[in-house]
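Asker: Structure, please.
(2 chains)
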Amino acid sequence: MTEEQRESVQEETFSSVSLATRDIHLAFGHNRVLRGVDLDVGKGKTACVIGPSGSGKSTFLRTINRLIEPDKGDILLDGESVLDRDPDRLRQQVGMVFQQFNLFPHMNVLRNLMLPLRRIRKLSADEAEQAARHHLELVGLADKAGSRPGHLSGGQQQRVAIARALAMRPQVMLFDEATSALDPELVKGVLSLMADLSKQGMTMVVVTHEMGFAREASDTVIFLDQGVAVESGPPEKLFDSPDSPRLRQFLSDVL
Amino acid sequence: MDQLTTLWDTFFNWQSMRQALPDMLKTGLPNTLILSIISALIGTLLGMLLAMAGISRHRWLRWPARVYTDIFRGLPAVVTILLIGVGLSQIGMKVWGPNPYPLGILALSLIATAYIGEIFRSGIQSVDPGQLEGSRALGFSYSAAMLLVIIPQGVRRVLPAWVNQLIALIKDSSLVYFLGLAAGQRELFRIGQDAAANTGNESALLLAGIFYLILTVPLTHFVNFVDHRLRQGRRTRTGPPDADEPLIVAGETPLPATSEGTK
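Answerer: Numbering: from 1, shown residues only, chains lettered A, B, ... in the order given. Purely as a prediction, here's the structure:
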């Protein structure tokens, strides 16, 4: 099966919720990585976070599911603060996809999906396998269930990682430069899967260097520079008539 | 010519070997195996705990682990065995009578723990931090992520080093000799040594050496086999030449892997 031969993610209903961050601050020592970042993503909407390297994009994403605890600020899921919740619980509701996939190399694809289903969602072996196979089908990789991740292409691995996250039935999905580690010819398959999820009503925050994707698939774009959301709004606005000189400079550098 | 014959007789006196053989098989071999296997089990178990303490986010766990490792890895095995075996012998006498084995096993285990702990720690720390981050992002707790994802990968990588440590343990078990053994408590080395003293040639000691080799050489080859298989696994795991290498940690922004990492 090639990267393109995949049924789109149809008839999959997500129990998405809205997501917002308020005035997120974070410093590592004297390095002030985030300096008050606000983000609003409506239920079922997609926000893309763009910006130069070192602008704090990936760090910001990690504060949303509290892989990194913000020093100050609030994170709201469906209007409710998540900071007083058990972080492990929170992360079950917020799926995350990484640049390096972070699949478990010592177990096959099916077991990669089944492990969290069994251990965290406490499904029986049968239920977990059924859910796992269903989600592999969703990303077009049902035939790879028995393969080790290392035997798959990067694009396939990333789709497995997306399936693994989706199988946990998240209310929000975070993507951290999901295509940056992929060979150019594999990028498209992953992006189209992400675009499908977006269309199907998954609430998504996508850190990306793919300006085409940001323009086409997102409802909101937020431009982060030196830990500050310099500009945000609908993609047409940011890409076609950016207000700030810094965004203009950035766009002329990357486009 | 005479000297050559003497030399030959020193090491290959079949008569002496034949005399020592029954004791070696009936007493020496079982005792050596008891010492090594029990110490290996305890050392592996405690070694894993020591490794976990060594990478703990709590300083009061990390520090004692560090100190323990430094001490028991830094002392000559014979010093540790004498200090524990002789130093605690009065307590031992009360608890289990005049048997140096428990204390010998304790000393060997404590030494093995230090080395095996370091082996496991390095293995666990060699696992890509992304694995922990990925596990935590799915909702696994730190301990569940360690147990289900990180440790299985880390330990697999250091299996050869672990087996090497078992080989060292088999050899070091001969050092309980210093604790004074009754006839039935003698292990391979002591039996060879006694027989050598009685016969005036080293043949029985050479026989003991052969017994050690029979135990350790297969293990050495087992290490190589495991190592080879892991290597091959790694090679095939990179897949066809057009598949991109998944396990390289690219120059990602160095971020603490978990919220705990920042504390």
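Asker: in the stretch 51-200 of chain A, what residue is nearest chain B?
Answerer: Residue nearest to chain B within the stretch 51-200 of chain A (C-beta to the nearest C-beta): A:Asn102, separated by 2.8 Å. In short, each C-beta sits where N, CA and C put it, glycine included.
Asker: pLDDT at the residue lying closest to that residue once chain neighbours are set aside, what is it?
Answerer: Leaving aside its sequence neighbours, A:Asn102 sits nearest to B:Gly134 (C-beta to C-beta, 6 or more residues apart in numbering or on different chains; 2.8 Å). For B:Gly134, the pLDDT comes out at 97.
Asker: May I have the secondary structure class of A:Met96?
Answerer: Assigned by DSSP: H, G, I helix; E, B strand; the rest coil, the conformation of A:Met96 is strand.
Asker: Ok, A:Val206 next?
Answerer: strand.
Asker: Does it touch A:Val49 like I think?
Answerer: Yes - using C-beta atoms under 8 Å, A:Val206 is in contact with A:Val49, at 6.9 Å.
Asker: Tell me where the model's unsure across the stretch 1-150 of chain B.
Answerer: Where the stretch 1-150 of chain B drops to pLDDT under 70, the residues are B:1.
Asker: I'd guessed A:Asp176 sits against A:Phe60; true?
Answerer: No - between A:Asp176 and A:Phe60 there is no contact under C-beta under 8 Å: 10.0 Å.
Asker: and for those two, which residues touch both?
Answerer: Counting by C-beta atoms under 8 Å, 6 or more residues apart in numbering or on different chains, the contacts common to A:Asp176 and A:Phe60 are A:Val207.
Asker: which residues in chain B form helices?
Answerer: Applying DSSP state H to chain B gives helices spanning B:2-11, B:14-23, B:29-54, B:59-74, B:77-87, B:89-96, B:101-125, B:129-138, B:142-145, B:151-157, B:159-172, B:188-199, B:203-237.
Asker: I'd like those helices as JSON lines, with distance to A:Ala161 and mean neighbour count appended.
Answerer: Below are those laid out as JSON lines (distance: least, C-beta to C-beta, whole Å; neighbours: other C-beta atoms under 10 Å in any protein chain shown):
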{"stretch": "helix B:2-11", "distance to A:Ala161": "63", "mean neighbour count": "11"}
{"stretch": "helix B:14-23", "distance to A:Ala161": "61", "mean neighbour count": "17"}
{"stretch": "helix B:29-54", "distance to A:Ala161": "27", "mean neighbour count": "20"}
{"stretch": "helix B:59-74", "distance to A:Ala161": "32", "mean neighbour count": "14"}
{"stretch": "helix B:77-87", "distance to A:Ala161": "47", "mean neighbour count": "18"}
{"stretch": "helix B:89-96", "distance to A:Ala161": "55", "mean neighbour count": "12"}
{"stretch": "helix B:101-125", "distance to A:Ala161": "23", "mean neighbour count": "22"}
{"stretch": "helix B:129-138", "distance to A:Ala161": "8", "mean neighbour count": "24"}
{"stretch": "helix B:142-145", "distance to A:Ala161": "16", "mean neighbour count": "17"}
{"stretch": "helix B:151-157", "distance to A:Ala161": "17", "mean neighbour count": "17"}
{"stretch": "helix B:159-172", "distance to A:Ala161": "28", "mean neighbour count": "19"}
{"stretch": "helix B:188-199", "distance to A:Ala161": "53", "mean neighbour count": "21"}
{"stretch": "helix B:203-237", "distance to A:Ala161": "17", "mean neighbour count": "15"}
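Asker: quick one: the strands in the stretch 151-255 of chain A?
Answerer: Remark: strands assigned in the stretch 151-255 of chain A by DSSP state E, counting those that start in this stretch are A:172-176, A:203-207, A:220-225, A:228-233.
Asker: what's in contact with the third one?
Answerer: Which is strand A:220-225. Contacts of strand A:220-225 (C-beta under 8 Å, 6+ apart): A:37, A:39-41, A:45-52, A:55-57, A:60, A:214-215, A:229-235, A:238-239, A:242, A:244, A:246-247, A:250.
Asker: Now do it: distance to the chain's middle.
Answerer: 15 Å (C-alpha atoms, centre = their mean, to the nearest Å).
Asker: quick one: strands adjacent to that strand?
Answerer: Paired neighbours of strand A:220-225 in the sheet (DSSP bridges): strand A:46-50 (parallel), strand A:228-233 (antiparallel).
Asker: Now the top helix by length along chain A: buried residues?
Answerer: Identified as the longest helix of chain A according to DSSP H is helix A:184-199. By neighbour count on 16 or more other C-beta atoms under 10 Å in any protein chain shown, the buried set for helix A:184-199 is A:186-198.
Asker: Give the other helices and strands that that helix contacts.
Answerer: Using 3 or more C-beta pairs under 8 Å, 6 or more residues apart in numbering or on different chains; DSSP states H and E as the contact test, the elements touching helix A:184-199 are helix A:154-167, strand A:203-207, helix A:211-217.
Asker: at 10 Å what do you get?
Answerer: strand A:46-50, strand A:94-97, helix A:125-138, helix A:154-167, strand A:172-176, strand A:203-207, helix A:211-217 (3 or more C-beta pairs under 10 Å, 6 or more residues apart in numbering or on different chains; DSSP states H and E).
Asker: quick revisit: among the strands paired with strand A:220-225, show me which one is buried the most.
Answerer: strand A:46-50 (a mean of 26; mean count of other C-beta atoms under 10 Å in any protein chain shown).
Asker: and the next element down the chain from it?
Answerer: Per DSSP states H and E, the first helix or strand lying C-terminal to strand A:46-50 is helix A:57-64.
Asker: Using CSV, write out every CA atom in that next one.
Answerer: Output of helix A:57-64 as CSV, limited to C-alpha atoms (Å, rounded to 0.1, in the frame of the first residue of the first chain):
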residue,chain,number,x,y,z
LYS,A,57,6.3,26.5,19.6
SER,A,58,7.0,22.9,20.8
THR,A,59,7.4,24.0,24.4
PHE,A,60,4.1,25.8,24.2
LEU,A,61,2.4,22.6,22.8
ARG,A,62,3.9,20.6,25.7
THR,A,63,2.4,23.0,28.3
ILE,A,64,-1.1,22.2,26.8
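Asker: List the contacts of the closest residue to chain A within the stretch 101-250 of chain B.
Answerer: Here the stretch 101-250 of chain B gets closest to chain A at one residue, B:Gly134, 2.8 Å apart by C-beta to the nearest C-beta. By C-beta atoms under 10 Å, 6 or more residues apart in numbering or on different chains, the residues touching B:Gly134 are A:67, A:96-98, A:100-104, A:112, A:161, A:164-165, B:128, B:140, B:145, B:149, B:257.
Asker: Same check on B:Trp162?
Answerer: By C-beta under 10 Å, 6+ apart, B:Trp162 lies in contact with B:Ala40, B:Gly43, B:Thr44, B:Gly47, B:Tyr115, B:Ile116, B:Ile119, B:Phe120, B:Gly123, B:Val155, B:Val223, B:Val226.
Asker: got a pLDDT number for it?
Answerer: Checking the pLDDT column for B:Trp162, the value is 93.
Asker: do the same with A:Lys45
Answerer: The per-residue pLDDT of A:Lys45 was computed as 95.
Asker: So what does it have for phi and psi?
Answerer: With angles defined as degrees, to the nearest 10, A:Lys45 sits at phi -100, psi 170.
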